[in-house]
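Student: coordinates only, sequence not included:
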Ligand SMILES: Cc1ncc(C[n+]2csc(CCOP(=O)(O)OP(=O)(O)O)c2C)c(N)n1
């Protein structure tokens, strides 16, 4: 670590006179929190105000008035946490969310658990009633003698602490933020009583800067013996397939260069989908849930003797339901920057813990005879996606009601390249994972002349968490993740349009957050797959031969619903309705647009794998 806390503290002590901008009121601990967040480049605090968290909002008023951090007031605290998640994924900066004591804090939990499962850094601040009221039945009391908010956050955060004295604040804030970026990354929680939030701030003792977070978050190279073994295994291999997961974010370029050198085919997990162009000549599709048979076939090819899985946690969805034939077998080498992910690959031939970009760089430079596989001709991107689709004919079937497959093909074709696509839980992410292939012509490393020597220069940008153009809130898989996350994504990057694909059930649960996109002037196109049902549940029940129950939704006119909130909206019942849209105009408009798309409710999404896993789980007791 280049900067130690000690040297920073000395610097801060010298600096403390000027550390708070001039203001009439004596700075309090809430100002101090914002001061540290501002130094990290944080721009927004997502949350909902309330009595006990009042001092933090008072400080936000001061900070906003001088053009610094300002509040984004979500309609529900879960939405605030989803927004912070989207903000972090897009910007690489710390997403911060907050809620007041009691229900504000409990409402946050779903979003926080989602960030936890997806390993997204997030600072969560909740308030408590005044310390002297603990145990006395204070209004909305959340102390350990009441509903115990700290206890509730314990299992879904990586750091969780009550700031019971003002003198603890900075130490705990620094510890929390650094822990959020340490791998596995994730949410951290500070629970702060109102009197601590409002107490005058002491002189700063600590400083935290981006370099420290970078160092905290980045493991280095494994030891030489492991690297030598890795090189030996690679040199012995005749045919290699890469499995690229979300952990390759920030390292995709060098991973693809290595794939070229090794003449490897590439498949991705769902969460790695957005990192590799479907038009890349080596791409063979998504492996696992909602994935492509071509990806599975690439892995099952009997000539393949080495599978290099990079940056994937090999969870149920990513491992194709723990598929031993395709992935979890002795051909596997698992490379990951999160040590705990390696517990799922013990059957493989080698496990390598370290920074993925550093490892790839090392391999490229140290494979002794780099051209032993012959000349590495560049392969240009192809015109169509390099994966096998289930029922490809449906992508061109423009009948009414609209086929979801056709809709996904249209979205991929008509939205411009920088568009961020977020797919919600439900059929949305199943359809999108399989059929949405954005016209992706990001700098193809096979065509680029960029030399590996430029690697060090590129490293400076690696704190950017996620350059994926397709994202899905899998793992915890909460309905509505995409609706809030889209707001955070668009706030982090106002240049690019965001397309949020969601279901009618998810929108009824979380759709009110669209009003944020309106008040903030964000270019988000909400595409609702309106099938008047909790479609994924319905199709799951059908696929597993269970009764279809509990999945009917009312027929809702979402276009009118949106207009009632002042949002532009269109009802899309036919292909011609879709063709009538001016997509360029929607992407240029500084505000949200809602597309209420009536899709064919009987089209079964490609979720057979999940159905088989659910079915076998139910049969285990028989
Ligand atoms: C908060 C939450 N509750 C319940 C579920 C279980 N669940 C998964 S998908 C789904 C249905 C989603 O329906 P909808 O949003 O209409 O999307 P569709 O599948 O119809 O496209 C449900 C209830 C969940 N994932 N998250």
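Tutor: Sure thing, it's come through. Everything quoted here is computed from the prediction, not taken from an experiment.
Student: Now do the helix or strand harbouring residue 106: which elements does it pack against?
Tutor: Assigned by DSSP states H and E, residue 106 belongs to helix 103-117. Packed against helix 103-117, as judged by 3 or more C-beta pairs under 8 Å, 6 or more residues apart in numbering; DSSP states H and E, are the following elements: helix 77-91, strand 95-99, strand 122-128, helix 149-153, strand 187-193, helix 481-492. Every C-beta, even on glycine, is put in place using the N, C-alpha and C of the backbone.
Student: ok, now how distant is the residue nearest to residue 164 when sequence neighbours are not counted from the ligand?
Tutor: Spatial nearest neighbour of residue 164, excluding adjacent residues (C-beta to C-beta, 6 or more residues apart in numbering): residue 131 at 6.6 Å. Separation of residue 131 from the ligand (C-beta to the nearest ligand atom, to the nearest Å): 34 Å.
Student: Got the phi and psi for residue 596?
Tutor: Note on residue 596: backbone dihedrals following degrees, to the nearest 10 are phi -90, psi 100.
Student: Please name the residues that touch the residue nearest to residue 164.
Tutor: Contacts for residue 131 (C-beta atoms under 8 Å, 6 or more residues apart in numbering) come out as 164, 193, 195, 196.
Student: Recalculate using a threshold of 7 Å.
Tutor: 164, 193, 195 (C-beta atoms under 7 Å, 6 or more residues apart in numbering).
Student: ok, these vs the ligand, which is closest?
Tutor: Nearest to the ligand, judged by C-beta to the nearest ligand atom, of the contacts of residue 131 is residue 193 at 30.4 Å.
Student: correct me, but the closest one touches residue 134?
Tutor: No - in this structure, residue 193 is not within contact of residue 134 by C-beta atoms under 7 Å, at 8.2 Å.
Student: the more surrounded of these two?
Tutor: More crowded of residue 193 and residue 134, by other C-beta atoms under 10 Å: residue 193, with 25 against 19.
Student: Now that one. Nearest residue, chain neighbours left out?
Tutor: Leaving aside its chain neighbours, residue 193 sits nearest to residue 128 (4.2 Å; criterion: C-beta to C-beta, 6+ apart).
Student: So residue 190 versus the ligand, what's the distance?
Tutor: Taking C-beta to the nearest ligand atom, one finds residue 190 at 25 Å from the ligand.
Student: and what of residue 559?
Tutor: Distance of residue 559 to the ligand, computed by C-beta to the nearest ligand atom: 16 Å.
Student: need the residues of this structure near the ligand, please.
Tutor: 425-428, 477-479, 503-506, 529, 531, 533-537 (C-beta under 6 Å from any ligand atom).
Student: List buried residues within these.
Tutor: Of the members of those, the ones counted as buried by neighbours, 16 or more other C-beta atoms under 10 Å, are 425-428, 477-479, 503-506, 529, 531, 533-537.
Student: Spatially nearest residue to whatever residue of the chain ends up closest to the ligand, not counting backbone neighbours?
Tutor: Of all residues in the chain, residue 503 sits closest to the ligand, at 2.0 Å by C-beta to the nearest ligand atom. Ranked by C-beta to C-beta, 6+ apart and with sequence neighbours excluded, the top spatial neighbour of residue 503 is residue 426, at 4.0 Å.
Student: For the one you found, give me its contacts.
Tutor: Contact analysis of residue 426 by C-beta under 7 Å, 6+ apart lists 479, 503, 505, 506, 535, 536.
Student: From those residues, which land in strands?
Tutor: residue 503 (DSSP state E).
Student: would a markdown table of the contacts of residue 426 with distance to residue 292 and pLDDT be doable?
Tutor: Formatted as a markdown table, the contacts of residue 426 follow (distance: C-beta to C-beta, whole Å; pLDDT from 0 to 100):
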| residue | distance to residue 292 | pLDDT |
| --- | --- | --- |
| 479 | 25 | 98 |
| 503 | 23 | 98 |
| 505 | 27 | 98 |
| 506 | 25 | 98 |
| 535 | 21 | 98 |
| 536 | 19 | 97 |
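Student: Mark which of the contacts of residue 426 are part of helices, please.
Tutor: Secondary structure assignment by DSSP state H places 505, 506, 535, 536 of the contacts of residue 426 in helices.
Student: mind checking pLDDT for the closest residue to the first one other than its chain neighbours?
Tutor: Setting aside the residues directly before and after it, residue 505 is nearest to residue 534 in space (C-beta to C-beta, 6+ apart), at 4.6 Å. pLDDT, residue 534: 98.
Student: Same check on residue 19?
Tutor: Confidence score, pLDDT, at residue 19: 59.
Student: go on, residue 52?
Tutor: 98.
Student: residue contacts, it?
Tutor: 100, 101, 127, 128, 129, 140, 194.
Student: what's the answer for residue 384, then?
Tutor: Contacts for residue 384 (C-beta under 7 Å, 6+ apart) come out as none.
Student: Please state the offset of stretch 590-607 from the chain centre?
Tutor: Distance of stretch 590-607 from its chain centroid, counting by C-alpha atoms, centre = their mean, to the nearest Å, is 22 Å.
Student: buried sites along it?
Tutor: 591-601, 603-607.
Student: likewise stretch 610-620?
Tutor: Of the residues in stretch 610-620, those buried (16+ other C-beta under 10 Å) are 610, 611, 613, 614.
Student: Need the residue closest to the centroid of this structure.
Tutor: Using C-alpha atoms, centre = their mean, the residue of the chain that lies closest to the mean C-alpha position is residue 89, 5.3 Å off.
Student: Just read off the phi/psi values of the nearest residue to residue 132 once chain neighbours are set aside.
Tutor: Leaving out its chain neighbours, the residue that sits closest to residue 132 by C-beta to C-beta, 6+ apart is residue 195, at 7.6 Å. When read as degrees, to the nearest 10, the backbone of residue 195 gives phi -70, psi -30.
Student: and the nearest residue to residue 541 once chain neighbours are set aside, helix, strand or coil?
Tutor: Leaving aside its sequence neighbours, residue 541 sits nearest to residue 548 (C-beta to C-beta, 6+ apart; 4.8 Å). Judged by DSSP: H, G, I helix; E, B strand; the rest coil, the three-state class of residue 548 is coil.
Student: Now do the helices in the stretch 301-450 of the chain.
Tutor: For the stretch 301-450 of the chain, the helices defined by DSSP state H, counting those that start in this stretch cover 356-366, 404-414, 427-435.
Student: Please name every helix or strand in contact with the last one.
Tutor: Where contact means 3 or more C-beta pairs under 7 Å, 6 or more residues apart in numbering; DSSP states H and E, helix 427-435 is packed against helix 404-414, strand 420-423, strand 498-503, helix 535-543.
Student: what's it in contact with?
Tutor: Under C-beta under 7 Å, 6+ apart, the answer for helix 427-435 is 270, 273, 286, 290-292, 389-390, 395, 404-405, 408-409, 421, 423, 472, 501-503, 529, 535-536, 605-607.
Student: before we move on, the earlier item: Throw the helices and strands packed on helix 427-435 into a markdown table and include distance to residue 61, thanks.
Tutor: Output for the helices and strands packed on helix 427-435, formatted as a markdown table (distance: least, C-beta to C-beta, whole Å):
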| stretch | distance to residue 61 |
| --- | --- |
| helix 404-414 | 40 |
| strand 420-423 | 31 |
| strand 498-503 | 28 |
| helix 535-543 | 42 |
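Student: wait, which of the ones you listed is closest to residue 381?
Tutor: helix 404-414 (14.5 Å; C-beta to C-beta).
Student: contacting residues for residue 437?
Tutor: 278, 385, 412.
Student: ok, now which ones touch residue 596?
Tutor: 528, 530, 558, 559, 569, 571, 572.
Student: So residue 127 is in contact with residue 108, correct?
Tutor: No - under the criterion of C-beta under 7 Å, residue 127 is not in contact with residue 108, lying 11.4 Å apart.
Student: Neighbour count for the two, which is higher?
Tutor: Neighbours per residue (other C-beta under 10 Å) separate residue 127 from residue 108, with residue 108 holding more: 35 against 29.
Student: so the more buried one touches residue 81, yeah?
Tutor: Yes - using C-beta under 7 Å, residue 108 is in contact with residue 81, at 5.3 Å.
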